[in-house]
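Asker: Could you look at this predicted model? Sequence included:
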Amino acid sequence: MAESERVVVDFRTDPGRYKHWKLSYDGPVATLHMDVKEDGGLVPGYELKLNSYDLGVDIELYDAIQRLRFEHPEIGAVVLTSGKERIFCAGANIRMLSQSSHGWKVNFCKFTNETRSAIEDATTHSRQAWLAAVNGPCAGGGYELALATDRILMADDGSTTVALPEVPLLAVLPGTGGLTRLVDKRRVRRDRADYFCTLEEGIKGQRAVEWRLVDEVVPRSRLAEATKQRAGELAARTDRPAGARGIALGPLERRIEGDRVVYAHVTCAIDRAHGVAEITVAAPEAAPPSDVAGIHAAGTRFWPLAVARELDDLILHLRTNEEAIGLWVLRTSGAADGVEAHDRALLEHEADWLVREIRLYLKRTLKRLDVSSRSIFALIEPGSCFTGTLLELALAADRVFMLDGAREGDGRPAAVVRLTAMNFGAYPTVNGLTRLQSRFLDEPGRVDDLKGRVGDDIDWEDEVRIAIEERAAFSPDALTGMEASLRFGGPETLESKIFARLSAWQNWIFQRPNAVGPKGALKVYGTGERGDFDRRRV
């Protein structure tokens, strides 16, 4: 999307407003049909033909994933398929990409990556397995959507193929984790993956099975039957409670008042002159419900779930609609005891399906903070409550500043941070480590020592060396590269490769003239011309 066509994107939606997806239910199996409306693009200037998608399509998909997890505990398997005859998905819309600003393309790819990762998280941790039924040609981001599921069935009809044609056709990479999922998740042999990713027409039939690109091919006439059988088998393995009632994810209340974004527990004040967003998360005002029934009755009013929803929406809002705000300053306010009490509730009732979903949602929201290309500072001051779950905000920050003592005339107690059991495994980062483990990477025994101090107030010695104004003076491009390199030390996982490696390379490639120059492949796609490439390697 060009800068002149900038719109404010709202990530809040619900099934009643979906344009591109249809949900249906059959016992423990849900089916999500992709039926993209051609004239339903988020902005003017392109048509979403052949089930190609833009950010608006993915916003609806993300919402559907959330609702399937929270509103439908009876669902043990989800079938992802196309609502159109003989076409699964053509991937990200090329016209949309070619007319979009660089920042829009990068944020689009990042959100799409996170949405695909949410599908995998649902399969692994929510025990809600996803299955793709590929009923027609499946290319680029369409195949990457299928790759995010646990099992892929494909019609064997002589014309249905899977393909990752970005390199030969568009001079870019499969931007939503395709390369990584081929070799790390599906264990496709390197030479076969290399060949596959340079083949415009894709691969079909039994060869796709032999190369591990799909799990099964069946005649088109049997695809629906085979899909139903496989989905039933996957659903039978779930531990989700068939007789439980879900909780409705009602409308998320948010007000935008000039340069302020206000939710029930989260507020954000934007200083445009300095490019700073000051984000404050408030502790709960009341004690948590005394039992699981009370948590279910509270639903979206339960503080940990409410905070997860509000932070999630704010992060997406700032990333997409406030590109020039390069520094996020995190604060907390309220009573640490209240945060600790809610953390105990999350720990004591972790076997409950809803509590599990809330913990997983907090984990995903904190990961979204980790992979945002913004500088993040945390300020620990008198009156703050960086405790347990909220301490993760400080641990996610690039720099933490803590006031030593109290301000003159301020009767509040000195600033402290407090650990809870939630800091020791509930919220791993994309590299699989906790934020404490990442912080003390050179002292692995230090984390074990800290477990003995759960519930204690701990002084955190951090000297304020660079003021907020100085941070804003640095190049945002250099900061983005520096922060992404420093945040994910230690081991690599499929997720860390996607966000710390693939996203970075895709970001760079999207700026190269071979892709987006006047004769770049993205610009001339569909005209009959081929890209005119600068053949020098850099």
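Answerer: Looks like it arrived, so ask away.
Asker: Now tell me which helix or strand of the protein has the poorest mean pLDDT.
Answerer: Every helix and strand of the chain was ranked by mean pLDDT, DSSP states H and E. The lowest is strand 457-458, at a mean of 60.
Asker: Contacts for the helix or strand following it next, please.
Answerer: Scanning forward in sequence from strand 457-458 by DSSP states H and E, the next helix or strand is helix 468-472. Contact with helix 468-472 is made by 274-276, 326-327, 329, 375, 377, 479, as judged by Cβ atoms under 8 Å, 6 or more residues apart in numbering. The C-beta positions use only the backbone N, C-alpha and C, and glycine is treated the same way.
Asker: can you list those in a markdown table and add neighbour count, secondary structure and distance to V134?
Answerer: Putting these into a markdown table (neighbours: other Cβ atoms under 10 Å; DSSP: H, G, I helix; E, B strand; the rest coil; distance: Cβ to Cβ, whole Å) gives the following:
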| residue | neighbour count | secondary structure | distance to V134 |
| --- | --- | --- | --- |
| H274 | 14 | coil | 49 |
| G275 | 20 | coil | 45 |
| V276 | 20 | strand | 46 |
| G326 | 19 | coil | 41 |
| L327 | 22 | strand | 44 |
| V329 | 22 | strand | 46 |
| S375 | 23 | strand | 41 |
| F377 | 21 | strand | 45 |
| L479 | 18 | helix | 41 |
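Asker: Quick one: end-to-end length of stretch 192-203, please.
Answerer: Stretch 192-203 stretches 11 Å from its first residue to its last (Cα to Cα, to the nearest Å).
Asker: Now for I295: which residues touch it?
Answerer: By Cβ under 8 Å, 6+ apart, the contact list for I295 reads 288-289, 302, 345, 349, 352, 354-355.
Asker: Return the distance of it relative to A133.
Answerer: Distance, I295 to A133, using Cβ to Cβ, to the nearest Å: 36 Å.
Asker: so where is the stretch 301-450 of the chain shaky, pLDDT-wise?
Answerer: 407-408 (pLDDT under 70).
Asker: The chain now?
Answerer: Residues of the chain meeting the criterion pLDDT under 70: 1-6, 407-408, 456-467, 502.
Asker: List the buried residues of the helix ranked longest in it.
Answerer: Taking DSSP state H as the criterion, the chain has its longest helix at helix 102-125. By 16 or more other Cβ atoms under 10 Å, the buried positions in helix 102-125 come out as 103-123.
Asker: How about I152, nearest residue that isn't a chain neighbour?
Answerer: Spatial nearest neighbour of I152, excluding adjacent residues (Cβ to Cβ, 6 or more residues apart in numbering): V214 at 4.3 Å.
Asker: Pretty sure the one you found sits against M154.
Answerer: Yes: taking contacts as Cβ atoms under 8 Å, V214 lies within contact range of M154: 4.6 Å.
Asker: joint contacts of the two?
Answerer: Shared contacts of V214 and M154, defined by Cβ under 8 Å, 6+ apart, are found at 134, 162, 208.
Asker: The last one falls within a strand, correct?
Answerer: The reference is to A208. No: assessed with DSSP: H, G, I helix; E, B strand; the rest coil, A208 is helix; it does not lie in a strand.
Asker: what number of residues lie near it?
Answerer: Other residues lying near A208 total 23 when counted by other Cβ atoms under 10 Å.
Asker: For G103, see how far away it is.
Answerer: A208 is 36 Å from G103, by Cβ to Cβ.
Asker: Give me the neighbour count for the closest residue to H296 other than its chain neighbours.
Answerer: Closest residue in space to H296, ignoring its immediate chain neighbours: L354 at 5.9 Å, by Cβ to Cβ, 6+ apart. Using other Cβ under 10 Å, L354 has 22 neighbouring residues.
Asker: what does R453 give?
Answerer: R453: 11 surrounding residues under other Cβ under 10 Å.
Asker: in the helix or strand harbouring D191, what's buried?
Answerer: Using DSSP H and E, D191 sits within helix 190-196. For helix 190-196, burial by neighbour count (16+ other Cβ under 10 Å) applies to 192-193, 196.
Asker: Among those residues, which one lies nearest to D239?
Answerer: Among those, A193 lies closest to D239 (Cβ to Cβ), at 34.1 Å.
Asker: If you drop the residues flanking it in sequence, what lies closest to that closest one?
Answerer: That would be L182: by Cβ to Cβ, 6+ apart, it lies 4.8 Å from A193.
Asker: residue contacts, the most centrally placed residue in the chain?
Answerer: Centroid-nearest residue in the chain, with Cα atoms, centre = their mean: E114, separated by 2.5 Å. E114 makes contact with 62, 364, 367-368, 371, according to Cβ under 8 Å, 6+ apart.
Asker: Could you rank those residues by neighbour count and give me the top one?
Answerer: V371 (23 neighbours).
Asker: how close does the residue nearest to the centre of the chain get to F510?
Answerer: 18 Å.
Asker: Need the contacts of I295 in a markdown table (columns: secondary structure and distance to L80).
Answerer: Formatted as a markdown table, those follow (DSSP: H, G, I helix; E, B strand; the rest coil; distance: Cβ to Cβ, whole Å):
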| residue | secondary structure | distance to L80 |
| --- | --- | --- |
| P288 | coil | 36 |
| P289 | coil | 35 |
| F302 | coil | 29 |
| A345 | helix | 34 |
| H349 | coil | 31 |
| D352 | coil | 27 |
| L354 | helix | 24 |
| V355 | helix | 27 |
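Asker: Using TSV, lay out the residues you listed together with distance to K19.
Answerer: Formatted as TSV, the contacts of I295 follow (distance: Cβ to Cβ, whole Å):
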residue	distance to K19
P288	38
P289	37
F302	31
A345	38
H349	38
D352	35
L354	29
V355	33
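Asker: Using PyMOL, define a selection of the buried residues within those residues.
Answerer: Remark: buried members of those, expressed as a PyMOL selection using 16+ other Cβ under 10 Å:
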select buried, resi 288+289+302+345+349+352+354+355
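Asker: between the contacts of I295, which is closest to L450?
Answerer: Nearest to L450 among these, with distances taken as Cβ to Cβ, is A345, at 21.8 Å.
Asker: Name the nearest residue to the closest one, ignoring sequence neighbours.
Answerer: P288 (4.2 Å).
Asker: so who does the one you found touch?
Answerer: 294-295, 302-303, 341-342, 344-345.
Asker: what about 7 Å?
Answerer: 341-342, 345 (Cβ atoms under 7 Å, 6 or more residues apart in numbering).
Asker: Then P513?
Answerer: P513 neighbours (Cβ under 7 Å, 6+ apart): 520, 534.
Asker: now do W211
Answerer: Here W211 is in contact with 188, 192, 203 (Cβ under 7 Å, 6+ apart).
Asker: is it true that the first one touches V209?
Answerer: No: contact status for V188 versus V209: not in contact, 11.8 Å apart, counting by Cβ atoms under 7 Å.
Asker: For these two, work out which one has more neighbours and name it.
Answerer: Neighbour count, other Cβ under 10 Å: between V188 and V209, V188 has more, with 19 against 16.
Asker: buried residues in stretch 527-537?
Answerer: If you call a residue buried by 16+ other Cβ under 10 Å, then stretch 527-537 has these buried ones: G531.
Asker: Strands of the stretch 1-150 of the chain, residue ranges please.
Answerer: Using DSSP state E, counting those that start in this stretch, the strands of the stretch 1-150 of the chain run over residues 21-26, 29-34, 77-82, 129-134, 138-139.
Asker: One more: the stretch 351-500 of the chain?
Answerer: With strands called from DSSP E, counting those that start in this stretch, the stretch 351-500 of the chain shows them at 375-380, 386-387, 399-402, 417-418, 457-458.
Asker: which residues does R192 contact?
Answerer: Neighbours of R192 in contact, by Cβ under 7 Å, 6+ apart: W211.
Asker: mind checking how far it is from T198?
Answerer: Separation of R192 from T198 (Cβ to Cβ): 11 Å.
Asker: Number of residues surrounding the residue nearest to I152?
Answerer: A count of neighbours around V214, defined by other Cβ under 10 Å, yields 28.
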